[in-house]
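Asks: give me coordinates for this.
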Amino acid sequence: MLASKRPQFDPNRPLVARVPFTFHGFAFHPGDDFPGDRLAEVEIPERRVAAMYTSRHLDFRAEAAKAPTSEQRPAPAPKKPAKATDKAAASGGFVAFHKGFGRFQVLSPTGEVIAEDLTKPEAQAKAAELNSETRRGAGDAGAGEASSAVSSAPAPNPG
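Replies: Next comes the predicted model:
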């Protein structure tokens with residue numbers, strides 16, 4: 001756990017809101033004074049205020065100026081979106097690519113869309129079928145013309 005440099009809660013010091021929140025129906029915005037003991041005829045328990053200080057909803061008045069604002073915080077680095085063509089090219093074959101809302105596309109190794117608006121099992125089956133056809137087609141091409149001529153002839157009937 002990280003060591004906190006915040007001072008321990010002191011109920012006698014004036015408090016201000018650090019972040020926007022609603023408490024007992026009253027809206028507080030950053031920098032608004034927070035009544036430490038009473039709020040519109042309601043007595044606020046000290047342990048409740050201490051819990052709000054610990055959860056960083058409240059700060060002591062002198063520290064409120066140091067609270068980071070959205071302008072001071074560095075923006076998170078944007079994530080690099082995965083490109084469908086990168087995924088297809090990396091696999092070396094046809095792939096099922098999720099395009100959102102439970103719908104999938106089948107992409108060729110070049111990133112071309114072969115089929116779209118499929119469910120996941122349909123897209124996986126289609127990609128597997130196309131990959132097996134591609135592998136079979138590569139095996140037939142390497143065998144030469146003789147094997148393709150033999151395989152295209154009808155099988156003799158033994159009976």
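Asks: element containing residue 106?
Replies: For residue 106, the element it lies in under DSSP states H and E is strand 103-107.
Asks: partner strands of that strand, parallel or antiparallel?
Replies: strand 95-100 (antiparallel), strand 113-118 (antiparallel) (DSSP bridges).
Asks: so for the first one, mean pLDDT?
Replies: For strand 95-100, the mean pLDDT works out to 81.
Asks: and it, which residues are buried?
Replies: Residues of strand 95-100 classed as buried: 95, 96, 97 (neighbour count, 16 or more other C-beta atoms under 10 Å). Any C-beta I mention is one placed from the backbone N, CA and C, and that applies to glycine too.
Asks: from these, which is closest to residue 108?
Replies: residue 95 (8.7 Å; C-beta to C-beta).
Asks: and the closest one, bridged to which residues?
Replies: residue 107.
Asks: from residue 104, how far out is it?
Replies: To residue 104, residue 95 is 10 Å away according to C-beta to C-beta, to the nearest Å.
Asks: let me see the domain layout of the protein.
Replies: 15-66, 84-142 (automatic domain parsing).
Asks: can you give me the helices in the chain?
Replies: Secondary structure of the chain, counting by DSSP state H: helices at 46-54, 84-91, 120-143, 145-152.
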